[in-house]
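Q: Sharing a sequence plus its predicted fold:
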Amino acid sequence: MTRAGEVATRMAAVADEVAGPAADDVDAAARFPTETIEALKAEGLLAALVPIEFGGGGASLEEVSQGLVALGRRCASSAMVVAMHHIQVACLVRHGRNEVLRAYLQELAEHQYLLASATTEVGTGGDVRSSICALEVADGRFRVEKQAPVISYADDADAVLVTARRTADSPESDQVIVLCRPPGLELEQVGEWNALGFRGTCSTGFLLRATGDAGEVLDEPYADISTRTMLPMAHLMWSSVWLGIASDAVDLARRFVQSEARRKPGTMPPAAQRLAAVTVVHQQFVDMVQSSLARFAAAGTDADRLSSIGFGVGMNALKVSSSTLVVDIVRECMLICGLASYRLDTPYSLGRHLRDAMGAALMVNNDRIMANNAQMLLVLRGE
Amino acid sequence: MTVDETIRQVLAEHGRLAVSVDALSDDTDLFGAGMTSHASVNVMLALEDAFDFEFSEKMLKKSTFESIGAIRTGVLEMTGG
């Protein structure tokens, strides 16, 4: 059990004590950050967003975001796993209204389950809003089989939320999302995950086969769940992780400039001006994440506000902006720290930061997001 | 052309539906019939062109375009018909 208000602090403690020390090994071996997730489970933090009446932490999104920034500073892979988990939890909390799913939320809080997601599919060209696979429902049971090009950390997750067409006769865009879990969940790994960054997310492909209680299908159309919760949550949680990467880079750059200043008191270090400049950009990043969190919180569960074009454009802008800023900031910090950041064996090394940061624009490609915004801007009113 | 005929023509041209427009009743869920959110934007633009008006900000939501009946209500409200 967690007490509200403590979530960010306790996530930060796990970040410092567990995730940070393991980060280099997680990165080098491209392995799941087991110790970090176990530590978060032991602290009850995987249910931070589950309401208190279901046994969760009842934490605000702001707290979880702060916790993700702290984790992102120490190990961006761990932070991204936790971010993806909380996105799924939020979908269940906000849209899993039936008794089966309500009971599952309690179980999740009690056992600290880790949730994964299978929204992409081989053959849809990366468009998560269309599915080829279809749900079959008979006698109160569902069955689904999906070729997923990516399910991050599927082998270490306790359940996977899977999108599929509502029925075998449904068009590709008429999707539902269903909770798939053992013993009805079968995963066959396809390929390996050997990537430039976010190596600990273990984002391999899988052939997924699942059966389960038909009550594990969320009642609302996935289109609505995506617009109102999954998409804004994803952009907010991912941005928090990226802000963590950028924040650690700025910290290292500041320490570097300060150490230069100590060596020659009275002489302004050459990179001090650049540090001042990057700090301005970093503050923009902090403020943007905070204001977007406030915007989402203010919309509450108001379907009209959450599905308004202005809101959608804004949340997409957050993703594009933060995924761009994280790279800009890390690069600037490398210029500040110089070769000490380029080398992999100094306290100022920014190699992992840079590699992780480069993934931000690619996970849901910014070009795709800008194309969506371009489409929405055709009809946005300036009222 | 009546309002309904125009709406149906716009849907046929831009709705990218999985079924024929003739098979749609007044309250058939258009999103369930395969209209994507991208297609709904094109439907909206074509409706504005056909009826020479602009939907207001508060009408720019999924429910305005969820069925032929809902579209007709929206169009009539905006054109004062």
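A: That came through fine. Numbering: from 1, shown residues only, chains lettered A, B, ... in the order given.
Q: show me the contacts for residue 51.
A: Using chain A here. By C-beta atoms under 8 Å, 6 or more residues apart in numbering or on different chains, residue A:51 lies in contact with A:58, A:93. Using the backbone N, CA and C atoms, a C-beta is placed for each residue, glycine as well.
Q: try chain B instead
A: B:3, B:6, B:75, B:78-79.
Q: Write out the residues of chain B neighbouring chain A.
A: B:17-18, B:31-38, B:41, B:44-45, B:54-58, B:60-62 (C-beta under 8 Å from any C-beta of the partner chain).
Q: Filter those down to the buried ones, PyMOL style.
A: In PyMOL syntax, the buried subset of these is picked out as below (16 or more other C-beta atoms under 10 Å in any protein chain shown):
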select buried, chain B and resi 17+18+31+32+33+34+35+36+37+38+41+44+55+60+61+62
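Q: among the residues of chain B next to chain A, which are in helices?
A: Among those, the members found in helices (DSSP state H) are B:37-38, B:41, B:44-45.
Q: thinking again about what came up before, if you rank the contacts of residue B:51 by neighbours, which is first?
A: residue B:75 (23 neighbours; other C-beta atoms under 10 Å in any protein chain shown).
Q: Please, which helix or strand holds the residue nearest to residue A:364 when sequence neighbours are not counted?
A: Counting by C-beta to C-beta, 6 or more residues apart in numbering or on different chains, the nearest residue to residue A:364 once its immediate chain neighbours are dropped is residue A:319, at 7.2 Å. Assigned by DSSP states H and E, residue A:319 belongs to helix A:309-337.
Q: Check which residues of whichever helix or strand comes after that helix are buried.
A: As assigned by DSSP H and E, the chain's next helix or strand after helix A:309-337 is helix A:339-342. Buried positions in helix A:339-342, judged by neighbour count with 16+ other C-beta under 10 Å: A:340-341.
Q: So which residues make contact with the following helix or strand past helix A:339-342?
A: Using DSSP H and E, the helix or strand that directly follows helix A:339-342 along the chain is helix A:351-358. Residues outside helix A:351-358 that contact it (C-beta under 8 Å, 6+ apart) are A:23-24, A:27, A:76-77, A:196-198, A:242, A:245-246, A:248-249, A:326-327, A:330-331, A:333-334, A:341-342, A:344.
Q: Helix A:351-358 vs helix A:309-337, what angle?
A: Using axes from the mean of the first three to the mean of the last three C-alpha atoms, to 10 degrees, the direction of helix A:351-358 lies 160 degrees away from that of helix A:309-337.
Q: send the alpha carbons of helix A:351-358 over as PDB?
A: Output in PDB follows, covering the C-alpha atoms of helix A:351-358 (Å, rounded to 0.1, in the frame of the first residue of the first chain):
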ATOM      1  CA  GLY A 351      26.400   8.100 -24.400                       C
ATOM      2  CA  ARG A 352      23.400   6.300 -22.900                       C
ATOM      3  CA  HIS A 353      21.400   9.500 -22.600                       C
ATOM      4  CA  LEU A 354      22.000  10.300 -26.300                       C
ATOM      5  CA  ARG A 355      21.100   6.800 -27.500                       C
ATOM      6  CA  ASP A 356      17.900   6.600 -25.400                       C
ATOM      7  CA  ALA A 357      16.900  10.200 -26.400                       C
ATOM      8  CA  MET A 358      17.100   9.300 -30.100                       C
END
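Q: Check which helices and strands the next helix or strand after it sits against.
A: Once the chain leaves helix A:351-358, the next helix or strand it forms, by DSSP H and E, is helix A:366-377. Judged by 3 or more C-beta pairs under 8 Å, 6 or more residues apart in numbering or on different chains; DSSP states H and E, the packing partners of helix A:366-377 are helix A:309-337, helix B:37-51.
Q: Let me have those in JSON lines, extended by mean pLDDT and distance to residue A:212.
A: Listed next are the helices and strands packed on helix A:366-377 as JSON lines, based on pLDDT from 0 to 100; distance: least, C-beta to C-beta, whole Å:
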{"stretch": "helix A:309-337", "mean pLDDT": "97", "distance to residue A:212": "31"}
{"stretch": "helix B:37-51", "mean pLDDT": "93", "distance to residue A:212": "28"}
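Q: a markdown table for those, including distance to residue A:238?
A: Output for these, formatted as a markdown table (distance: least, C-beta to C-beta, whole Å):
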| stretch | distance to residue A:238 |
| --- | --- |
| helix A:309-337 | 7 |
| helix B:37-51 | 21 |
